[in-house]
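A.B. asks: got a sequence here, can you build the structure:
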Amino acid sequence: MYRFVQPLLRPVVYTRWLHVCVPLAFVAVWLFIDMEHFYVPVFLVVPLGLVPAVRLEEAIQAQLLLTPDERGRPRASIAVVPSLTWTDRWRTVLWLEARLASGVLGVLAPVQLLSLGIRLLDAAPWWCAPLASLPFVAIPVCMVASGTLITAVARRPPGPSRAQRLTELEERTEQLLERNRIARELHDSIGHALTVAVVQAGAARAANDPAFTDRALAAIEDTGREALDDLERVLLILRESATPLAQRPSLSEADRLLESARSSGAKVDAEVSGPVELVPGAISREGYRILQEALTNVLRHAGTVPVRVRIAVVAGQLSLEVTNPLDGAVQHPPGGSGLRGIRERAALLGGTAETGPHEGDWRVYARLPLDGLG
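C.D. replies: All right, here's what the predicted structure looks like:
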């Protein structure tokens, strides 16, 4: 018995039933105007659903009344956004039609059952009273069923579209990637700096030699300055991670990276071929990051040396190549965090990246399929 009554104790049952009742107000207004053509509201909601703002209004109402526990959550099952495409608009039309149908189940059916129960109580003998009370028992069942049904339907048409789900997936992927990169940066650079500072300070205290102490303090100062620079780069990553995807740099802004490297003293020979502006957003943004990391790696470990940059879009893939001379005075780390980040970015998009010596040069070469997120 308690299992039967328990759903009726949940407040959301009544907010959902209220949501079911709202469309009947529109129907009631029309019936007041023209009762003979009662079916006209079914056609009137079609142009209404094609208005982009209607999807936003319906989504707000559905989230408040059907899924109030999801209100304010970033990944709610009902997306509170206007219609962005014609597919979204036609989905909204289907949703409005479903709301009209749910009103029949949630409101008109209980009203008819109530009327039937009253007639049975008046006409049936006293010993038929339990049978005559069945319509009254069916009324709360209709309320719960109609609310549950409309909530399940609401997670379809007003839910996130395919484009919105892809955007959310891209944002989550970007966040995970940046978190991993931040962890690597903190572990490799900041951890290294602290280790050097502790070892140098301990050695200086044990040596009890002013000259050695001066050298140790100078080493701590240099290491600390480098750690501060690395920390500033990590904080820059954190600030950029809060930037919307549409505002983050892509390969169409590669000139900015190249000019920055040239202003640092490097001689950059760049060549871009193919329709770079048509590269999908996720691929283009990750390609920009790979190019940025490759140029940073050159400036950090090789200094102002000649750099050759090749960016090409051909045969359904994006290729990036950054090379610089490799001699005895230029030493690149074989497994730095930046190089690992390049390989991880490429692998995440279904591509590959190679870093290391190549024909007398140091080369970073990445290949990214343009359908890597498909």
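A.B. asks: pLDDT on the helix of greatest length in the chain, on average?
C.D. replies: Scanning the chain for the longest helix, with DSSP state H as the assignment, gives helix 210-241. On average, the pLDDT along helix 210-241 is 73.
A.B. asks: can you tell me what sits against the following helix or strand past it?
C.D. replies: Remark: after helix 210-241, the chain's next helix or strand is helix 254-263, criterion DSSP states H and E. With contact meaning CB atoms under 8 Å, 6 or more residues apart in numbering, helix 254-263 is reached by 249, 268, 270, 272, 276, 288, 291-292, 295, 298-299, 307, 309, 311. Every residue, glycine included, has its C-beta placed from N, CA and C.
A.B. asks: show me where the protein has its strands.
C.D. replies: Secondary structure of the chain, counting by DSSP state E: strands at 267-273, 306-314, 317-325, 352-358, 361-369.
A.B. asks: flag every buried residue along the fourth one.
C.D. replies: Right, the one you point to is strand 352-358. Using 16 or more other CB atoms under 10 Å as the test for burial, strand 352-358 gives Ala353, Thr355.
A.B. asks: give me the sheet partners of that strand and which way each runs.
C.D. replies: Here strand 352-358 has these sheet partners by DSSP bridges: strand 361-369 (antiparallel).
A.B. asks: now do the second one
C.D. replies: In its sheet, strand 306-314 lies beside strand 267-273 (parallel), strand 317-325 (antiparallel), with partners assigned from DSSP bridges.
A.B. asks: most neighbours, which of the contacts of helix 254-263?
C.D. replies: Among the contacts of helix 254-263, the one with the most neighbours (other CB atoms under 10 Å) is Val298, at 26 neighbours.
A.B. asks: what's across from the residue nearest to Pro275 when sequence neighbours are not counted in the sheet?
C.D. replies: Among residues not flanking Pro275 along the chain, Val313 sits closest, at 5.7 Å (CB to CB, 6 or more residues apart in numbering). Val313 has these beta-bridge partners by DSSP bridges: Leu318.
A.B. asks: how far away is Val313 from Glu286?
C.D. replies: 14 Å (CB to CB, to the nearest Å).
A.B. asks: those two: who's more crowded?
C.D. replies: Glu286 (28 against 22).
A.B. asks: ok, now which ones touch the nearest residue to the more buried one once chain neighbours are set aside?
C.D. replies: Excluding the flanking residues, the one nearest Glu286 by CB to CB, 6+ apart is Arg345, at 5.0 Å. By CB under 8 Å, 6+ apart, the contact list for Arg345 reads Leu177, Glu286, Arg289, Ile290, Ala353, Ala366.
A.B. asks: what stretches of the stretch 51-200 of the chain score poorly on pLDDT?
C.D. replies: Scanning the stretch 51-200 of the chain for pLDDT under 70 picks out the ranges 72-75, 106-114, 116-138, 156-171, 174-175, 177-178, 181-182, 184-193, 195-196.
A.B. asks: which stretches of it form helices?
C.D. replies: 52-65, 86-103, 109-123, 129-132, 134-154, 162-185, 191-207 (DSSP state H, counting those that start in this stretch).
A.B. asks: how far away is Ala219 from Thr213?
C.D. replies: For Ala219, the distance to Thr213 - CB to CB - is 11 Å.
A.B. asks: break the protein down into its domains, please.
C.D. replies: The chain breaks down by automatic domain parsing into domains covering 2-160, 162-247, 249-374.
A.B. asks: most tightly surrounded among those domains?
C.D. replies: Of all the domains of the chain, domain 249-374 has the most neighbours on average by mean count of other CB atoms under 10 Å, namely a mean of 17.
A.B. asks: quick one: end-to-end distance for stretch 353-370.
C.D. replies: Terminal residues of stretch 353-370 lie 15 Å apart, using CA to CA, to the nearest Å.
A.B. asks: how far does that stretch sit from its chain's centre?
C.D. replies: 30 Å (CA atoms, centre = their mean, to the nearest Å).
A.B. asks: same thing with stretch 36-49?
C.D. replies: Put simply, stretch 36-49 sits 37 Å off its chain's centre (CA atoms, centre = their mean).
A.B. asks: show residues contacting it.
C.D. replies: Against stretch 36-49 from outside (CB under 8 Å, 6+ apart): 26-27, 30-31, 34, 54-55, 89-90, 92-97, 100.
A.B. asks: closest to Gln63 among those residues?
C.D. replies: Using CB to CB, Arg55 is the member of the contacts of stretch 36-49 that lies nearest Gln63, at 12.2 Å.
A.B. asks: wait, what's in contact with Leu66?
C.D. replies: Counting by CB under 8 Å, 6+ apart, Leu66 has contacts Val12, Thr15, Arg16, His19, Ile78, Gly147, Ile150, Thr151, Ala154.
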